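**Q** Everything below, folded, please.
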Amino acid sequence: MGDAKTILVIDDDPDVHFFCKSVLEAEGFRVITAAGGASGLAAFRAEKPDLIILDIMMERIDTGYGVAEEIGKSVPILLFSSMLNPSDETFDPAVVPFSDVVRKPIEPETLLNKVRKLLACGKEQPGRLP
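**A** Sure, this is the predicted structure:
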């Protein structure tokens, strides 16, 4: 398991943690969870994940955006949203650095496909999918 890609899930919903861990660990990924923006940033710095799954609305409505801005384009970020429409113009990777956005709830196979695609893109061009 030493070669397993590490995925950090930052979300305030324990059900999302359980879902992501169940789906991703079954496929051989190492999954770390954090319940908020500050703990997510601490985990990011300590663990240096290969990919981040990030909820937009946690402690504050814009917490996810702030975390994404703090992390920058150093790692692919998959934004999760239960309230906003992913096609909305506010999801502009030129403004907030992220690689993709999905609406919750997400199907397990869709999550796996998005994670694999983002990991295949790597760090070369976050914010742009092939």
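
**Q** How about the residue nearest to the spatial centre of the chain: which residues does it bridge to?
**A** The centroid of the chain falls nearest to Ile53 when counting by CA atoms, centre = their mean (1.5 Å). Under DSSP bridges, the beta-bridge partners of Ile53 are Val9, Leu78.

**Q** Would you check that my belief about it contacting Asp13 is correct?
**A** No. In this structure Ile53 lies outside contact range of Asp13 using CB atoms under 8 Å: 11.7 Å. Using the backbone N, CA and C atoms, a C-beta is placed for each residue, glycine as well.

**Q** Now do the contacts for the residue nearest to the centre of the chain.
**A** By CB atoms under 8 Å, 6 or more residues apart in numbering, the contact set of Ile53 is Ile7, Leu8, Val9, Ile10, Asp11, Cys20, Ile77, Leu78, Phe80, Val115.

**Q** Among these, which one is most surrounded by other residues?
**A** Ile10 (30 neighbours; other CB atoms under 10 Å).

**Q** So which elements touch the top helix by length along the chain?
**A** Using DSSP state H, we find that the single longest helix of the chain is helix 108-121. Applying 3 or more CB pairs under 8 Å, 6 or more residues apart in numbering; DSSP states H and E, one finds that helix 108-121 makes contact with helix 14-25, strand 51-55, strand 77-81, strand 100-103.

**Q** Tell me which of those is the most buried.
**A** Of all the helices and strands packed on helix 108-121, strand 51-55 has the most neighbours on average by mean count of other CB atoms under 10 Å, namely a mean of 26.

**Q** low pLDDT regions in this structure?
**A** 1-2, 61-62, 83-96, 122-130 (pLDDT under 70).

**Q** quick one: buried residues of the longest helix of the chain?
**A** Leu111, Leu112, Lys114, Val115, Leu118, Cys121 (16 or more other CB atoms under 10 Å).

**Q** can you give me how far that helix is from the chain middle?
**A** Relative to its chain's centre, helix 108-121 lies at 11 Å (CA atoms, centre = their mean, to the nearest Å).
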